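**Student:** Structure here, sequence nowhere to be found:
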């Protein structure tokens, strides 16, 4: 599913640039994605749109006025894992995502049913949430979202 989501993100600059679902399924199949993966990804995206709509309608004023601390219940913390929770907090404190987007990211991560959520997959979820809303992180955050956790960091040089 995540490979399909990354392909959509890289191929279509906005969600409304995607072809209709039937044509998109054919295109994804032609590229080589399995039918089950395509179905999961498109279902996940449909649920993302519904979740975004639901949260935006219920809490429109919270976007600008969220100064509280998010407390994770045991189920959320267990399913997301420490690294994912820390990364979500980092993104919110860096103002890459707001409180509503944070909740959408958490809901969509929990819907992925991976425990604990890998940081790479969480980064894809964050990108897809932003992409679905027509937002793009600035270039420094974009680089952070695409750093592979398995890559060796380059040594820092003193000049």
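**Tutor:** Noted; the coordinates are in hand. None of the values given here were measured: they were computed from a predicted structure.
**Student:** what packs against the longest helix belonging to the chain?
**Tutor:** Taking DSSP state H as the criterion, the chain has its longest helix at helix 35-58. Applying 3 or more CB pairs under 8 Å, 6 or more residues apart in numbering; DSSP states H and E, one finds that helix 35-58 contacts helix 2-11, helix 21-31, helix 99-111, helix 119-132. C-betas here are computed from N, CA, C, even on glycine.
**Student:** looking at those helices, which is closest to residue 37?
**Tutor:** Ranking those by distance to residue 37, with CB to CB as the measure, places helix 2-11 first at 5.4 Å.
**Student:** Give the ranges of residues in this protein that sit below the confidence cut-off.
**Tutor:** 59-67, 137-159 (pLDDT under 70).
**Student:** Centre-most residue in the protein?
**Tutor:** The centroid of the chain falls nearest to residue 125 when counting by CA atoms, centre = their mean (1.7 Å).
**Student:** Against residue 29, how distant is residue 120?
**Tutor:** 25 Å (CB to CB, to the nearest Å).
**Student:** That should have said residue 69, apologies.
**Tutor:** Residue 69 is 45 Å from residue 29, by CB to CB.
**Student:** next one: residue 101
**Tutor:** 31 Å.
**Student:** what about these two, which has more around it?
**Tutor:** More crowded of residue 101 and residue 29, by other CB atoms under 10 Å: residue 101, with 22 against 12.
**Student:** List the contacts of the more buried one.
**Tutor:** 129, 130, 133 (CB atoms under 8 Å, 6 or more residues apart in numbering).
**Student:** what's the closest of the residues you listed to residue 41?
**Tutor:** residue 129 (14.3 Å).
**Student:** and the closest one, what is it in contact with?
**Tutor:** Residue 129 neighbours (CB under 8 Å, 6+ apart): 48, 52, 97, 101, 104, 105, 108.
**Student:** Then residue 102?
**Tutor:** Contacts of residue 102 by CB under 8 Å, 6+ apart are 70, 88, 91, 92.
**Student:** Next, give me the two most distant ones among the residues you listed.
**Tutor:** Maximum distance among these (CB to CB): 11.8 Å, for 70 and 91.
**Student:** The two: which has the busier surroundings?
**Tutor:** Using other CB under 10 Å, the more surrounded residue of residue 70 and residue 91 is residue 91, with 23 against 14.
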